[in-house]
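Peer 1: Quick check, what structure comes out for this input:
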Amino acid sequence: MKRSGSADLPLHYGQVPAWLYERMSKLGLAVVEVILSDYGKDEVIRRLSDPFWFQSFGAVMGMDWHSSGITTSVMGALKRAINPNSKTFGIYIAGGKGKFSLETPAELMRISESTGLNGNQLVRASKLSAKVDSTAIQDGYQLYTHNFILNDGGRWAVIQQGMNTQDKTARRYHWHSQNLKSFVEEPHTGIEGINRGRILNLTSDRAADNRAGIMEISRTPNDSMLHDFSRLILPAHHDVRVSDVNMKRLGALLHMTREVPPENFEELLLLKGVGPRTLQSLALVSEVIHGAPSRFKDPARFSFAHGGKDGHPFPVPLDIYDETVAILQKGIEKSKLGTTDKLKSVEKLHHIISRAEKDFTPSFDLNEVIEDERSNSWKYGGKTVFGDAKKSVDRGGIQLSLF
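Peer 2: As a prediction, the model looks like this:
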């Protein structure tokens, strides 16, 4: 396994408003359904074990793109949406935040009864992953949320998060069962959190001598050395800046959805009538579903689908959010009847945008894009935790040249 990063996750307190939480559940369900249909149950587990993808997923759902709240809110919304459909999907989510994390063993035993999986092994995996991240890795973070996601084929992922009470930051840990060889040798697919400098990590390859000594004392055999982690680092600032996004990819997306007339998308005739702003959101959601792993290195870019609940980079456009969900839901319903054209059109949208990136040279002002979104937010039912977006002076839009 590899460690896929550390990221600054400032703690955000308070509740996710009901108007967003409901939509997060619907969009999360739709995205998971499409991934299940196109890529299978194992891929759902793999995606959730990837901290880069998970952060992008949370951003496209309208959460604050960099905050600790993404973890508990996204997992809560997914558990609420997926578990009532678990027998159909073959996907189950156990655990949660605080006291709900303590219910994980009992939930896993109930799941094992209906799937035929070994419940004791699942419970052991849950407890050991929590034990490693709370004891073997002494990095100043105390676990307060633990989610165990599994499919009926036995593949599982763990997403858990710890809090540093001194500086009020969080670190998220990801596990994946696919390549797991040992619980005490570099088992993580990723760790996210602010870099606290040198820490005691008894699962690190550099702690081999420490482990050997401990094992010798306890007369427990030590296993072989492990590989080091890669790293995901997120900034502390709340606003979205040029340094946070891949400008070439974002620019190509904005150009194709804003400047190219929708009727010119010959491959997307089934999306006829969809406005430029909805195409922008659909393209980013499609990328979350169909994009290659390398495309999720800049999670902030995905906040340009549905903004953020605190208004960064702009208020959540509820009308666009609802239209995006409706298009996905209609495509899913048609696919169940054997017609996949609409979902294929959404997939093609991602590929069209990706092809346009090759010839795009970014020459636009990101702040102008953000201000344009904010000034037009009221037209799309823009909303934040502070209230509804207000009508502002029309800026006349922006131009994004392809060359």
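Peer 1: which residue ranges form the helices in the stretch 1-150 of the chain?
Peer 2: Secondary structure of the stretch 1-150 of the chain, counting by DSSP state H, counting those that start in this stretch: helices at 18-39, 41-48, 51-60, 69-82, 86-89, 104-115, 119-131.
Peer 1: what separates the first one from the chain centre, distance-wise?
Peer 2: It refers to helix 18-39. Distance of helix 18-39 from the chain centroid (CA atoms, centre = their mean, to the nearest Å) equals 12 Å.
Peer 1: tell me which strands and helices it is in contact with?
Peer 2: On a contact count with 3 or more CB pairs under 8 Å, 6 or more residues apart in numbering; DSSP states H and E, helix 18-39 meets helix 41-48, helix 51-60, helix 69-82, helix 86-89, helix 276-290, helix 318-336, helix 341-357. C-betas here are computed from N, CA, C, even on glycine.
Peer 1: Comparing the ones you listed by mean pLDDT, which bottoms out?
Peer 2: Set side by side, the helices and strands packed on helix 18-39 give their lowest mean pLDDT on helix 341-357, at a mean of 91.
Peer 1: Show me what that helix is packed against.
Peer 2: helix 18-39, helix 247-258, helix 276-290, helix 318-336.
Peer 1: wait, which of these is closest to Ile370?
Peer 2: The minimum distance between Ile370 and these falls on helix 247-258, with 11.0 Å, by CB to CB.
Peer 1: Now tell me what touches stretch 306-313 from outside.
Peer 2: 12, 16-17, 20, 59-65, 238-240, 281, 300, 303-304, 314-317, 320-321, 324, 370, 373-374, 377, 382, 384-386 (CB atoms under 8 Å, 6 or more residues apart in numbering).
Peer 1: Just the buried residues out of those residues, in ChimeraX syntax.
Peer 2: Per 16 or more other CB atoms under 10 Å, the buried members of the contacts of stretch 306-313 correspond to this ChimeraX selection:
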select :12,16,20,59,60,61,62,63,64,65,238,240,281,300,303,304,314,315,316,317,320,321,324,370,373,374,377,382,384,385
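Peer 1: what's near enough to touch the residue positioned nearest the centre of the chain?
Peer 2: For the chain, Phe54 is the residue whose C-alpha lies nearest the centre (CA atoms, centre = their mean; 2.3 Å). With contact set as CB under 8 Å, 6+ apart, Phe54 has these partners: 47-48, 70, 74, 159, 172, 174.
Peer 1: Would you check how far apart it and Ser25 are?
Peer 2: 16 Å (CB to CB, to the nearest Å).
Peer 1: now swap in Ser37 and tell me
Peer 2: 19 Å.
Peer 1: Those two: who's more crowded?
Peer 2: Comparing Ser37 with Ser25 by neighbour count (other CB atoms under 10 Å), the higher total belongs to Ser25, at 19 against 15.
Peer 1: for the more buried one, what are its contacts?
Peer 2: 77-78, 80-81.
Peer 1: Any chance of these in CSV with neighbour count and distance to Thr115 as columns?
Peer 2: Converted to CSV, those look like this (neighbours: other CB atoms under 10 Å; distance: CB to CB, whole Å):
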residue, neighbour count, distance to Thr115
Ala77, 24, 23
Leu78, 24, 18
Arg80, 16, 20
Ala81, 20, 19
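Peer 1: Determine which two of those are furthest apart.
Peer 2: Leu78 and Arg80 (7.2 Å).
Peer 1: what's the helix or strand for Lys390?
Peer 2: Assigned by DSSP states H and E, Lys390 belongs to no helix or strand.
Peer 1: Show the pLDDT at it.
Peer 2: 93.
Peer 1: And for the residue lying closest to it once chain neighbours are set aside, the neighbour number?
Peer 2: With CB to CB, 6 or more residues apart in numbering as the criterion, Lys390 has its nearest non-adjacent residue at 6.1 Å, and that residue is Trp378. Trp378: 16 surrounding residues under other CB under 10 Å.
Peer 1: now swap in the one 3 residues further on and tell me
Peer 2: The local packing of Gly381 (other CB under 10 Å) involves 17 other residues.
Peer 1: Now it. Nearest residue, chain neighbours left out?
Peer 2: Spatial nearest neighbour of Gly381, excluding adjacent residues (CB to CB, 6+ apart): Leu318 at 3.8 Å.
Peer 1: do Val34 as well
Peer 2: Going by CB to CB, 6+ apart, Val34 has Ile289 as its nearest residue, at 5.2 Å.
Peer 1: Next: Val288.
Peer 2: Closest to Val288 by CB to CB, 6+ apart is Val60, at 5.3 Å.
Peer 1: Against Ala30, how distant is the one you found?
Peer 2: Distance from Val60 to Ala30, by CB to CB: 11 Å.
Peer 1: thinking again about what came up before, contact partners for the residue nearest to Gly381?
Peer 2: Shown in contact with Leu318 (CB under 8 Å, 6+ apart): 19, 23, 380-383.
Peer 1: same question, Ala130
Peer 2: 101, 143, 146, 158, 160.
Peer 1: can you do 10 Å?
Peer 2: By CB atoms under 10 Å, 6 or more residues apart in numbering, the contact set of Ala130 is 95, 101, 104, 143, 146, 148, 158, 160, 173, 175.
Peer 1: Mind giving me the ChimeraX select for the residues you listed, buried ones only?
Peer 2: Of those, the buried ones can be selected in ChimeraX as follows, counting by 16+ other CB under 10 Å:
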select :95,101,104,143,146,148,158,160,173,175
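Peer 1: can you put the contacts of Ala130 in a markdown table and add distance to Leu128 and pLDDT?
Peer 2: A markdown table is the format used below for the contacts of Ala130 (distance: CB to CB, whole Å; pLDDT from 0 to 100):
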| residue | distance to Leu128 | pLDDT |
| --- | --- | --- |
| Gly95 | 14 | 97 |
| Ser101 | 14 | 95 |
| Thr104 | 12 | 97 |
| Leu143 | 13 | 89 |
| His146 | 12 | 96 |
| Phe148 | 11 | 97 |
| Val158 | 10 | 92 |
| Gln160 | 12 | 91 |
| Tyr173 | 13 | 89 |
| Trp175 | 10 | 89 |
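Peer 1: I'm done for today, thanks for sticking with me.
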